[in-house]
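A.B. asks: next comes the sequence, and after it the predicted model I'd like to discuss.
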Amino acid sequence: MEHDHVREVDPDVADALEGEIDRQRETLSMIASENHVSRAVLDAQGSALTNKYAEGYPGKRYYGGCRYADEVEQLAIDRAKELFGAEHVNVQPHSGTQANQAVYFAVLEPGDRILSLDLTHGGHLSHGHPANFTGQLYEVEQYEVDTETGYIDYEGLADLAAEFDPDVIVSGYSAYPREVEWERIQEVAESVDAYHLADIAHITGLVAADVHASPVGVADFVTGSTHKTIRAGRGGIVMTSDEHADDVDSAVFPGGQGGPLMHNVAGKAVGFKEALEPEFEAYAERTVANARALGERLSEHGFSLVSGGTDNHLVLVDLRESHPETSGGDAEEALEEAGIVCNANTVPGETRSAFDPSGIRAGTPALTTRGFDEDDLRTVADLIARVIDAPDDEGVKSEVREEVADLCAANPLYE
Ligand code: DSN
C-alpha cells in the first residue's frame, strides 16, 4: 500500500504508516476488538469528507455545502436500519464510548444510578469504571459473572437490581465469550423500572449477521462500535425506538459532540453495504466457528478457558491453573515477539493486577477476514501453546515466527 502523497510531505509519518501495514500483514492480529476493513472502507475514510463540517442531521444542517454529507449519512442510516431492523439509528458517535455517553446523557441526570458488569468480569470502562466519566458522574453498582461457570450471574443481577434500584442497566460486554440473554436482562430492567442499554460493541457484526441474538427491539437502547466484528468505518452507532429518537439525536449533537466525522460516516456506509451482502453472514459464521476451534484446541493443550469455551468471536484464557508463573502480560509479550498479537486481560476473580492480569483475550475477526479457517486456527492454537509453555525460549519464538510468516503469506492482506 503506497502513501506517496504523505511521503512527499512527511517521510517520517510515511515510514510509520508503511510499517503499520507491514506489521498487520506479517503478524496474526488476534485482538478481539480489531479487524481489517476493506480497501473500499479505507478509501472512504481517507476521502475529502474529512474536510466537511456538517453539524446537525441530513436535511437539517448548521452549514452550507452538505449535499454529499447528507447523501452519505442517509445511506449509512438506511443501511444500518436494514441490517439491524432498528426504528431509529444515529451514525454520528465518534466511538462506542461516545455512543454510550449519548444514551446516558439522553436519560440520566448526574447522580443517577447505573448497574453494569464489573470491568474485571468482562465489562467496559464506559459502563461505570471509577476512572471514566461514568464512574464520576453517576452512582454505579456492578454485577458479576459466576466465577465457577464464567456465565453472567443473572440471579445475582436481579437481586442487585432490586436492592440498588438503578435508572439504567447496562448489558453487552468487552471480554465475555458467551451469548447474552437480552430478554432476561430486559425483564429485570422492567421489574425495577430502569432503562436497558445493550452495548453490542464487540458483537455488532455477529448481531447484524444473525449469528448472535439481537437486543434490537428488546432493550430500550442498543449501542455499538462499527469497526470491530462488523468491519465498517471506525466509530459508534446508537439504535433505539422512535420514542427515544429525538432525545438520542440531541444527546449526540449538540449534547456530546460537535461536527460528525463525515469521512468515518462514509466508511460506516460502505461497511454496512458490505455487511448486507450474503458473504458477510458466511464471514460472521466462520468467525465464530474459528473461535470455537481455537478454544477447543487450547483446551486440549491444557489451557483453562473462562466459561469453558465460546459462543462468539473471542476466547478468554485464564492462565492461573495451567501456567501459574506466567502472567497475562508475560504471555502477551512473548506472543508478540513470536508474531501473534493479542492482549493481556483480567479474568473473573482476578488475583493479579489490572496492569498485569492473569489472562489473555484472543479473537478471530481479523484472521477470519484474511481467510483463516478452523484448521488454521487449530494451528494457531498449537503455536500459542508452544510460546506460552516456554515464554523465554528465543528458539521457540523464532520457530513460531517462521510459521506465522507462512500462515500470513498463505492469507495475504491488502495486496
Ligand atoms: N478497546 C476495546 C476492546 O478492546 O475491547 C473496547 O473499547
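C.D. replies: Alright, I've got the coordinates.
A.B. asks: ok, longest helix in the chain?
C.D. replies: If you go by DSSP state H, the chain has its longest helix at helix 278-300.
A.B. asks: what about the residue in the stretch 301-415 of the chain that the ligand sits nearest to, distance to Glu34?
C.D. replies: Per Cβ to the nearest ligand atom, Asn343 is where the stretch 301-415 of the chain lies closest to the ligand, at 6.9 Å. Bear in mind the C-beta positions are built from the backbone N, C-alpha and C, glycine included. For Asn343, the distance to Glu34 equals 10 Å [Cβ to Cβ, to the nearest Å].
A.B. asks: which one's more surrounded, these two?
C.D. replies: Per other Cβ atoms under 10 Å, whichever of Asn343 and Glu34 has more neighbours is Asn343, with 22 against 18.
A.B. asks: quick one, phi psi at the more buried one?
C.D. replies: Main-chain torsions, Asn343, degrees, to the nearest 10: phi -130, psi 150.
A.B. asks: wait, doesn't Thr326 sit right on Ile388?
C.D. replies: Yes: taking Cβ atoms under 8 Å as the definition, Thr326 is a contact partner of Ile388 at 6.2 Å.
A.B. asks: neighbour-wise, which of these two wins?
C.D. replies: It is Ile388, of Thr326 and Ile388, that has more neighbours when counted by other Cβ under 10 Å, with 23 against 19.
A.B. asks: can you pull the phi/psi pair for the more buried one?
C.D. replies: Torsion angles at Ile388 (phi, psi; degrees, to the nearest 10) stand at phi -70, psi -30.
A.B. asks: contacts only, for it.
C.D. replies: Phe303, Leu319, His323, Thr326, Ala331, Ala334, Leu335 (Cβ atoms under 8 Å, 6 or more residues apart in numbering).
A.B. asks: which ones among those map onto strands?
C.D. replies: Applying DSSP state E to the contacts of Ile388, no entry is found in strands.
A.B. asks: list, one by one, the residues from the protein near the ligand.
C.D. replies: Ser33, Gly96, His124, Ser174 (Cβ under 6 Å from any ligand atom).
A.B. asks: check which helix or strand His263 maps to.
C.D. replies: helix 262-275 (DSSP states H and E).
A.B. asks: what's the angle between that helix and helix 278-300?
C.D. replies: 90 degrees (axes from the mean of the first three to the mean of the last three Cα atoms, to 10 degrees).
A.B. asks: for helix 262-275, buried residues please.
C.D. replies: Buried residues in helix 262-275, counted by 16 or more other Cβ atoms under 10 Å: 262-275.
A.B. asks: quick one: mean pLDDT over that helix.
C.D. replies: For helix 262-275, the mean per-residue pLDDT is 98.
A.B. asks: same for that helix, what does it pack against?
C.D. replies: helix 39-45, helix 67-84 (3 or more Cβ pairs under 8 Å, 6 or more residues apart in numbering; DSSP states H and E).
A.B. asks: quick one: distance of the longest one to the chain centre.
C.D. replies: Centroid separation for helix 67-84 versus its chain: 21 Å, with Cα atoms, centre = their mean, to the nearest Å.
A.B. asks: what does it contact?
C.D. replies: Contact with helix 67-84 is made by 49, 52, 54, 57-59, 61, 86-87, 89-92, 207-208, 214, 216, 222, 237, 239, 260, 262, 265-266, 268-269, 272-273, 275-276, as judged by Cβ under 8 Å, 6+ apart.
A.B. asks: hmm, Glu155 and Asp146 touching each other?
C.D. replies: No: with contact defined as Cβ under 8 Å, Asp146 and Glu155 do not form a contacting pair (9.0 Å).
A.B. asks: let's see the pLDDT reported for the residue of the chain found nearest the ligand.
C.D. replies: Nearest residue of the chain to the ligand: Ser33, at 3.4 Å (Cβ to the nearest ligand atom). pLDDT recorded at Ser33 is 98.
A.B. asks: excluding sequence neighbours, find me the nearest residue to it.
C.D. replies: Leaving aside its chain neighbours, Ser33 sits nearest to Lys228 (5.0 Å; criterion: Cβ to Cβ, 6 or more residues apart in numbering).
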